[in-house]
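> build me a model from this:
(2 chains)
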Amino acid sequence: MPTNQPHMRPYEEEYANFTWETSRKELGYKDGDVINIGEYCTDRICRQGKGDKLALIWEGHSGEEKRYTFNDMRQLTNTIADFLQKLGIQPGERVCLFMDKVPELYFGFLGVLKMGAIVQPLFSAFGSESLLTRLDNAKTRAIFTQKKHLPKVRNITKDLPELKHIIVVDDDGLKPLRELEVAFHMDKAERIDKFDIYPSLAETPSVLHYTSGTTGQPKGAQHVHYSIISQYITAKYVLDLKDDDIYWCTADPGWVTGTSYGIIGAWSNGVTQCVLDAGFKAETWYKFIEKHKISMWYSAPTAIRALMKEGNEVVKKFDLSSLRHLASVGEPLNAEAVIWSKEVFGLYFHDTFWQTETGCIVISNYPGMKIKPGSMGKPFPGIEATVVDLKTHEPIEKKGIVGMIALKPGWPSMVRTYWNNESTYKSKFSKGWYHCGDRASIDEDGYYWFVGRDDDVINTGGHLVGPFEIESALLEHPAVAESAVVGKPDPVNMEVVKAFITLKPGFNSDKMLELEIMNFVRKKLSALAMPQEIEFVDSLPKTRSGKIMRRVLRAKEWGEEIGDISTLENDM
Amino acid sequence: MSALKDVILEYVKNEYLEEGDDREVNFDTPLISGGIVDSFSMVSLKVFLETKYNISIPDAKASPEAFDSVNNIIVLLKEFGIE
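Residues are numbered from 1 along each chain as shown, chains lettered A, B, ... in the order given. Down below sits the predicted model:
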C-alpha cells in the first residue's frame, strides 16, 4: 500500500514557494517544446520503464473485465490515431467521443490528441437534440460511438453536413452500416508500434468540453495541450497520486473531471486506474473497491450522499481497508457527508472545487491540511484566488463577506476561449480577474465556504444544466405554452430540475401529461435535463417587458427572500 | 402477475431503449446498475408506476435497488397491494 506521507509540503509552505515550473520540470517541458497530451500519458510513461505496468483495469456492468498495460495503451492510442489519419481527419478538426465508459473512450481521447485533432467528449446519455446542438456548433468531422447510441446519431446526421465519419466501435455485422458509418474494433485492429505523433505546441487546441450557461446554447470550452502542466501536478498534490496507487475516478469523461483526472491527471502520473462502466449501486461500488484494492477514490457528493442513504451496514460487508485517500468534486460536499465518510471509511472526503473552464482543481482541501467539514478548502498553490464584490467586482478584503469567486488568469489549464464565441469568453473577465460564477466567503483562516451559483445555471448531481436549453425543448411539446426552469433543493443531487409550465388551451394538467413531458425532455436532451418535477401554473412571473423572472420561482423553491420585485408585472 | 410484469417490461423497452437498440431486456436484466435506466430517469419510471397503478411511492422506497430489475419492481409493487 502506498505511503501516507503526502506529496505536498505543508500548505502554507507549499503555497509560498510553489511555481508551475515544478510541474514543467517534472514533466521535462521547456518553453517552445513539443507537448502532446497523448504522448505525455503513454509513450513518456513507457520510456520511464513502466510499459508493463497496468494502466487500465476496466469492468463492465455484467462483470466482464479487461486489462491494459501502459505499453498496450501506447500502441492502441497509436492505432486509433493512425486509423483517423487514414480516414483523412486533419489536425485541428473536431472528433467527438460519444460512448459509455468503455476502453475505446479512454484510448480514443488520447488517440485523437496524438494525431493533432481536437477531442470533443460528449456524455453518452445525451439525447439527439443535445448532441445536434454540440456537434453543429463544433462542426465536428467524425464521431466515435457504440451500436446502442447509433440511432441517436442517425437521427441527426442529415442536419450535420460537416460530419463525414461515424465510427462504430462494437459493430457486430448483424445489421448493415449506413452511409458515413464505419466499423472499428480497437482490440482486434493491428497494433501500431510507431506513430509520428503530431508536434503540438503549448497553445495547440486539445479538448473541447461543452458547458451550459444561463442564456443561449451550451458553450464549447476550448483547452490546449499545455493544460497537462496543471492537471499533472494537481493530480499529484491534491489527489496525492503515488506510483503504487490503484486509483478510481468515478466521473464520466463526457464531463471535464472524467478527462482532466479520469485520463490526463492519472496517466501523466503513470498511475494504474480502474473504470467501472455500470450504473450506481452501493454494493457494486463497494465490491469494486474491495476487488481491485482501490487506494485513491475521487468521486462526487451526489454519489457519496447516495451511499450515505444506503446506510452503514452495507459498508461492513466489504473490506475497504485498501482506501487511503478520498476526494470529491461536482458540487459542495456538505459537512454531514464529510463526517460520515470519516465514520465509515476512517477517512475524510476532501472536497475540491473547479469547473470546466479552469481545467484543473483550483480550490481544495489537501492531504495533511486540517479539514473544516463543509468548507471548499484553500486555493491551490499557483492559483491566486479571491472573492469579489458582486457589483463593483473589486476584491473583498473583509472576512466572512459573500462575493463571487474570482481567479487571477494565467494558470496553465485555463480555458483559452469558447468555440466561436469569444465575446461570451471575454465577458467572464473583469478588472483583471476571471469570474467563476459561484458565490462564496472566506473565513479568518483563509478557508472558502461555498454559498451558491450567481446565475440561473442548475447544478444537479455535479453537472451544470442550463435552463434555457430545457425551456426551449419544453416549448416544442404541443401542450406547453410557456415554461420556466429552476433548480430545486434535493438531498442527494443538491439541486434537481423543476419546470413551471403554462398549458395551451385544450390541455389539462394531470400526471399522465407530466410524465409525457418528462419523457419528452429526457429523450430530446438527456435524463439530467429532464424535470424531476413539473408544476402546472396559470401564469409565470414576468417583468413588465415580458421577461420571465426565474429568480422569483427559484427563491420560492429555496425558501429564500424574493428580493426586488418592483419590475414584476403580475402576481403569479 | 405475468400481465403486470409484461406491462412494465414493455414500458421499459419502449421508453428507455433507443429505437434500433436491440439489447435484450428481460425480467431480471439490471436496469439501474446495467445502465439502461440512470438515476435521473428513475424518477420518470417512478411517476409511470404511480400514475399507472394509482399509488404513491415514498422516496425512501424508491431506491436504485428497488428499481434495478422488473422483478424487483414487482416486489416493490406488492407492498402497495399491486399484484
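
> any idea how far apart the tips of stretch B:59-72 sit?
Terminal residues of stretch B:59-72 are spaced 16 Å apart (C-alpha to C-alpha, to the nearest Å).

> give the residue farthest from the middle of chain B.
residue B:20 (20.5 Å; C-alpha atoms, centre = their mean).

> check contacts around that residue.
Counting by C-beta atoms under 8 Å, 6 or more residues apart in numbering or on different chains, residue B:20 touches A:150, A:151, A:154. C-beta here means a position set from N, CA and C on the backbone, and glycine is covered the same way.

> do the same with residue A:65
A:57, A:58, A:59.

> circling back: so which of the contacts of residue B:20 is the closest to chain B?
Chain B lies nearest to residue A:151 out of these, by C-beta to the nearest C-beta, at 3.9 Å.

> the closest one contacts residue B:18, correct?
Yes - counting by C-beta atoms under 8 Å, residue B:18 is a contact partner of residue A:151 at 4.2 Å.

> for residue 61, list the residues it contacts.
No chain in the question, so chain A it is. Each residue near residue A:61 by C-beta under 8 Å, 6+ apart is listed here: A:277, A:278, A:279, B:30, B:33, B:34, B:35.

> nope, chain B please
B:76, B:79.

> pLDDT of the longest helix along chain B, averaged?
In chain B, with assignment by DSSP state H, the single longest helix is helix B:2-16. Average pLDDT, helix B:2-16: 91.

> can you tell me the distance between the two ends of stretch B:13-33?
Start and end residues of stretch B:13-33 are separated by 16 Å (C-alpha to C-alpha).

> residue A:83: which element?
In this structure, residue A:83 is located in helix A:70-87 according to DSSP states H and E.

> report the buried residues of that helix.
Buried residues in helix A:70-87, counted by 16 or more other C-beta atoms under 10 Å in any protein chain shown: A:70-85.

> ok, residue A:102 to chain B distance?
11 Å (C-beta to the nearest C-beta, to the nearest Å).

> just give the closest residue to that residue, not the sequence neighbours.
Using C-beta to C-beta, 6 or more residues apart in numbering or on different chains and skipping the chain neighbours, the partner closest in space to residue A:102 is residue A:277 (6.1 Å).

> and for the one you found, the neighbour number?
Applying other C-beta atoms under 10 Å in any protein chain shown, we find 18 residues neighbouring residue A:277.

> ok, what's across the strand from it?
When assigned by DSSP bridges, residue A:277 has beta-bridge partners residue A:60.

> surely it meets residue A:60?
Yes - at 5.1 Å, residue A:277 and residue A:60 qualify as touching, with contact defined as C-beta under 8 Å.

> let me know the pLDDT of the residue farthest from the centre of chain B.
Looking at residue B:20, its pLDDT stands at 70.

> and it, that one's in a strand?
No - applying DSSP: H, G, I helix; E, B strand; the rest coil, one finds residue B:20 to be coil, outside a strand.

> and it, how far from residue A:79?
28 Å (C-beta to C-beta, to the nearest Å).

> skipping its backbone neighbours, what lies nearest residue A:237 in space?
Nearest residue to residue A:237, sequence neighbours excluded (C-beta to C-beta, 6+ apart): residue A:8, at 4.3 Å.

> sec struct for that neighbour, please.
Assigned state for residue A:8: coil (three-state reduction, three-state DSSP).

> that one: neighbour count?
Neighbours of residue A:8 under the rule other C-beta under 10 Å: 20.

> and residue A:100, by the same measure?
20.

> ok, the residue lying closest to it once chain neighbours are set aside - contacts?
Leaving aside its sequence neighbours, residue A:100 sits nearest to residue A:124 (C-beta to C-beta, 6+ apart; 5.1 Å). Applying C-beta under 8 Å, 6+ apart, we find residue A:124 in contact with A:98, A:99, A:100, A:146, A:149, A:252, A:254.

> now residue A:347
For residue A:347, the contact set (C-beta under 8 Å, 6+ apart) comprises A:323, A:324, A:325, A:326, A:341.
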